[in-house]
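**Student:** predicted structure and sequence below. I'll ask about it afterward.
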2 protein chains.
Amino acid sequence: MRHRLKDVAERAGVSVKTVSNVVNGYQHVRADTRARVEEAIAELHYRPNLSARNLRKGRTGVIALAVPELDIPYFAELARHVVAAAAEHGWTVLIDQTGGGPEQERKAASGIGDHMIDGLILSPLALTADDLAALDGLPMVLLGERVDHGPADHVMIDNVAAAREITAHLVGLGRRRIAAIGSQRTPEGASARLRLEGYTTALAEAGIEYDDSLVAPAPAWHRADGAAAMRHLLTAEVRPDAVFCFNDTLALGALRALHEAGLRVPEDVAVAGFDDIEDGRFSIPTLSTVAPDKERIARLAVELLAGRLTADRDAPPRELVAPHRLALRESAPSPC
Amino acid sequence: MRHRLKDVAERAGVSVKTVSNVVNGYQHVRADTRARVEEAIAELHYRPNLSARNLRKGRTGVIALAVPELDIPYFAELARHVVAAAAEHGWTVLIDQTGGGPEQERKAASGIGDHMIDGLILSPLALTADDLAALDGLPMVLLGERVDHGPADHVMIDNVAAAREITAHLVGLGRRRIAAIGSQRTPEGASARLRLEGYTTALAEAGIEYDDSLVAPAPAWHRADGAAAMRHLLTAEVRPDAVFCFNDTLALGALRALHEAGLRVPEDVAVAGFDDIEDGRFSIPTLSTVAPDKERIARLAVELLAGRLTADRDAPPRELVAPHRLALRESAPSPC
DNA sequence: ATTGCGGGTTACAACGTTGTAGAAACCAGG
DNA sequence: CCTGGTTTCTACAACGTTGTAACCCGCAAT
């Protein structure tokens, strides 16, 4: 049913290698030979066996993107950009969902694709620099904040600066009791720590005293967690007049909780998020947020990986910082 | 740097095949031999080369899931379930984003994974039954409505019934000028046609006359399209008092447009969607919608594929219908 | 002592492809 | 017609793995 080079070769009356040459676009094949071979290929619906080709070449043309959860919109949007950027290099992307667990992440980084993938773009939550160092071999690019100065290339954004800017924006709106949602004490919460740092820095710069009761933890960063945290914050004696959520889904949950509490956004409470996901442009109200340049992040990651794969396999790891900007919408509008 | 069976064999002082046997859990290996081999494996960090194994076995352990767009939440959620269901069978899922274009879909179905994947779960938008019939070879399961009675296994939900039920629910709320958003005349719009049919059926059953001006097309089913369509509907002389959007993202866009127009949901206009995406549980107001059993859809698809791969490769194609239910929330609440 | 048996192990070939090296065919210039 | 160089093609080996068939060995049954 499925044919091999050999079958095509027999049909065209040439050697196996000549067919291979035609398939691979080798220059020095006589026009009529090429035609005969191509005809045979068409007639037999021949398609190369990639496993064999990969075995021979030591390359697969597939890279993996491993993210914690695909139905977190940020990762889905990022995945789209990575797929697009990889396509420009002729790569297929195998998208892998790790669930954020250490075993799954380790598996993604070593087991699954071993010799099935040429490289990996990993957004680690659980794995540490040491874990990763143990996974020699596979060219890898890391995304996000979990691993600092690790053993691999790394693309990130300046979380501290971004959090500081958006918090400062809330300050600029005249808010003083600015809450934060999303803090995490676990080792997985590296992004949370950096964003908290930006938040506290901005408060300090504005001369606002840090109030621990205004900082609500969130075990995960889903809508439900944001809503729960917001409800908790609203039980306090003095209500916050703004809240900076460490990502957009948290913020959407917070919007929901504020709505249920009968509070107006931004009049009573201004809300800001982080990630600039599509939802935030259509929520009610629309969401002010930090907009990381996802397209750039994806492109940088793919290009770092390309570099690893072609040129300097053992070059020292590079760290690149992608730009971000503030996207100011209704939930915490521009002052003007 | 990367080791092969041969290296392990030399280190352990046994034959290559014995190492292979250990790796594959073959029974009849003496305990001490096994121990020596395992030690050597650990020391060398040996990992099997999957390309070679696949070449030898003719199987890859990878199936592909090809969907139009990953950042449509419905597909992202579906992907999560497919990954989970496939994991139970020991498969890795290669997620592929087709963009809904015929070339990309064809490539997904034939080129990309050829001999790299054992099977494909495809959610086609552009390809027709004829296109697919031409793609012999790869075991395939189709999702959705694009291809009816095609050449491959098929998992779908009863779109007509579901659309009829949710429309009937709007009727039950006393609405009479019920609009629809999302109609499409292109061949890609198979889901749209079925949902429109359910809509018109429900109207007919309620004795409400069909009004073409209440049916708004939407080129794609994104939030922006829903908002635009809703704005257009609101320019009519008589306002609709309910709107059935053919998916949830359209509905979220419609909510946004209604909000901007100063209309209350559901008091002035009730809104219903389709898909039951996570967003709709936290939107303001929360979204009434048709909830297809995504988990079941994914499980059925994976099991159909498993059947193709193991047993009856040439059995006649099967069509399975996954259940759905109505999820009634604030935007078109239960009458009680 | 020989045979039979089966557990433990091995050599070899094969999966389908491509790189290497070289053979065969061709061409131009003498 | 030969020479030298290029184009065109081919045979062979190799990539790393596993299935097949066979071998060796110790032990129980003859």
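**Tutor:** Sure thing, it's come through. Treat the numbers as computed from the prediction; the structure is a model and nothing was measured.
**Student:** let me know the helix or strand that the spatially closest residue to residue A:28 that is not a sequence neighbour is in.
**Tutor:** Leaving aside its chain neighbours, residue A:28 sits nearest to residue A:21 (7.9 Å; criterion: CB to CB, 6 or more residues apart in numbering or on different chains). C-beta coordinates here come from the backbone N, C-alpha and C atoms, glycine included. Assigned by DSSP states H and E, residue A:21 belongs to helix A:16-23.
**Student:** what does that helix contact?
**Tutor:** A:5-6, A:8-9, A:12, A:28-29, A:33-34, A:37-38, A:40-41, A:48 (CB atoms under 8 Å, 6 or more residues apart in numbering or on different chains).
**Student:** can you turn the buried part of the residues you listed into a ChimeraX selection?
**Tutor:** In ChimeraX syntax, the buried subset of the contacts of helix A:16-23 is picked out as below (16 or more other CB atoms under 10 Å in any protein chain shown):
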select /A:5,8,9,12,29,33,34,37,38,40,41,48
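**Student:** out of the contacts of helix A:16-23, who's near DNA strand D?
**Tutor:** Among the contacts of helix A:16-23, the residues that sit close to DNA strand D (CB under 7 Å from any atom of the strand) are A:28, A:29, A:33, A:34.
**Student:** phi, psi of the first one?
**Tutor:** Which is residue A:28. Here is the backbone geometry of residue A:28 (degrees, to the nearest 10): phi -90, psi 70.
**Student:** what's the local residue count around residue A:161?
**Tutor:** Each residue near residue A:161 was counted by other CB atoms under 10 Å in any protein chain shown, and the total is 16.
**Student:** and for residue A:288?
**Tutor:** With other CB under 10 Å as criterion, residue A:288 counts 29.
**Student:** so who does it touch?
**Tutor:** A:166, A:169, A:270-273, A:326-333.
**Student:** and the residue nearest to residue A:28, how far is that from chain B?
**Tutor:** 20 Å (CB to the nearest CB, to the nearest Å).
**Student:** around DNA strand D, pick out the residues from the stretch 51-200 of chain A.
**Tutor:** Residues of the stretch 51-200 of chain A lying near DNA strand D (CB under 7 Å from any atom of the strand): A:52, A:55, A:56, A:58.
**Student:** got a quick ChimeraX command for the buried subset of the residues you listed?
**Tutor:** Here is the ChimeraX command that picks out the buried ones among those, judged by 16+ other CB under 10 Å:
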select /A:52,55
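**Student:** with respect to pLDDT, which of the residues of the stretch 51-200 of chain A next to DNA strand D ranks lowest?
**Tutor:** Among those, residue A:58 has the lowest pLDDT, at 80.
**Student:** mind listing what the residue in the stretch 151-300 of chain A positioned nearest to DNA strand C touches?
**Tutor:** Across the stretch 151-300 of chain A, no residue is closer to DNA strand C than residue A:153, which sits at 26.9 Å (CB to the nearest atom of the strand). Going by CB under 8 Å, 6+ apart, residue A:153 touches A:140, A:141, A:142, A:304, A:305, A:307, A:308, A:317, A:318, A:319, A:320.
**Student:** kindly recompute the last result at 7 Å.
**Tutor:** A:141, A:142, A:304, A:308, A:317, A:318 (CB atoms under 7 Å, 6 or more residues apart in numbering or on different chains).
**Student:** equivalent analysis for residue A:309, please.
**Tutor:** Contacts of residue A:309 by CB under 7 Å, 6+ apart are A:118, A:119, A:139.
**Student:** inside strands: which ones of those?
**Tutor:** Using DSSP state E, the subset of those located in strands is residue A:119.
**Student:** which of the residues of the stretch 51-200 of chain A next to DNA strand D come close to chain B?
**Tutor:** Filtering those for proximity to chain B by CB under 7 Å from any CB of the partner chain leaves A:52, A:55.
**Student:** please pick the buried ones from the contacts of residue A:309.
**Tutor:** If we count by 16+ other CB under 10 Å, these have these buried: A:118, A:119, A:139.
**Student:** tell me which helix or strand residue A:253 sits in.
**Tutor:** Going by DSSP H and E, residue A:253 is in helix A:248-260.
**Student:** does chain B sit close to that helix?
**Tutor:** Yes. On the criterion CB under 7 Å from any CB, helix A:248-260 is in touch with chain B at A:252, A:253, A:255, A:256, A:259.
**Student:** got a list of contacts for stretch A:328-336?
**Tutor:** In this structure, residues lying in contact with stretch A:328-336 by CB under 7 Å, 6+ apart are A:169-170, A:172-173, A:242, A:255, A:265-266, A:270-272, A:285-288.
**Student:** what are the ranges of the helices in the stretch 151-300 of chain A?
**Tutor:** A:159-172, A:190-205, A:223-234, A:248-260, A:294-310 (DSSP state H, counting those that start in this stretch).
**Student:** centre of the chain to the shortest one, how far?
**Tutor:** Going back to what we said before, that points to helix A:223-234. Taking CA atoms, centre = their mean, to the nearest Å, one finds the center of helix A:223-234 at 25 Å from the center of the full chain.
**Student:** gap between residue A:298 and residue B:322?
**Tutor:** 33 Å (CB to CB, to the nearest Å).
**Student:** same drill for these two, tell me which one is more crowded.
**Tutor:** Shown here are residue A:298 and residue B:322; by other CB under 10 Å, residue A:298 has more neighbours (25 against 19).
**Student:** skipping adjacent residues, who's closest to the more buried one in space?
**Tutor:** residue A:81 (3.4 Å).
**Student:** what about the closest residue to residue A:295 other than its chain neighbours, which SS state?
**Tutor:** In this structure, residue A:295 finds its nearest non-sequential neighbour in residue A:81, 5.0 Å apart by CB to CB, 6+ apart. Using DSSP: H, G, I helix; E, B strand; the rest coil, the secondary structure recorded for residue A:81 is helix.
**Student:** tell me the contacts of residue A:81?
**Tutor:** A:294, A:295, A:298.
**Student:** before we move on, the earlier item: residue B:88 versus the residue nearest to residue A:28, what's the distance?
**Tutor:** To residue B:88, residue A:21 is 44 Å away according to CB to CB.
**Student:** residue ranges with poor pLDDT in the stretch 51-200 of chain A?
**Tutor:** For the stretch 51-200 of chain A, the stretches with pLDDT under 70 are A:100-115, A:126-137, A:146-148.
**Student:** if we use 80, what do you get?
**Tutor:** Applying pLDDT under 80 to the stretch 51-200 of chain A picks out residues A:71, A:90, A:98-116, A:124-138, A:145-151, A:187-188.
**Student:** make a markdown table out of the buried ones among the contacts of residue A:309 and add distance to residue B:188.
**Tutor:** Formatted as a markdown table, these follow (distance: CB to CB, whole Å):
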| residue | distance to residue B:188 |
| --- | --- |
| A:118 | 34 |
| A:119 | 34 |
| A:139 | 38 |
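**Student:** could you report the neighbour count for residue A:30?
**Tutor:** 9.
**Student:** how near is it to residue B:92?
**Tutor:** Residue A:30 is 43 Å from residue B:92, by CB to CB.
**Student:** phi, psi for residue A:206 please.
**Tutor:** phi -90, psi 0.
**Student:** residue A:173 now?
**Tutor:** Dihedral angles for residue A:173 - degrees, to the nearest 10 - are phi -80, psi 0.
**Student:** how many other residues sit next to it?
**Tutor:** 19.
**Student:** what's residue A:300 in contact with, if anything?
**Tutor:** A:155, A:320, A:322.
**Student:** show me the contacts for the first one.
**Tutor:** Neighbouring residues of residue A:155 by CB under 7 Å, 6+ apart: A:141, A:143, A:297, A:300, A:301, A:304, A:320, A:322.
**Student:** okay, domains of chain A per the record?
**Tutor:** Domain assignment for chain A by automatic domain parsing gives A:5-48, A:61-156+A:294-323, A:159-292.
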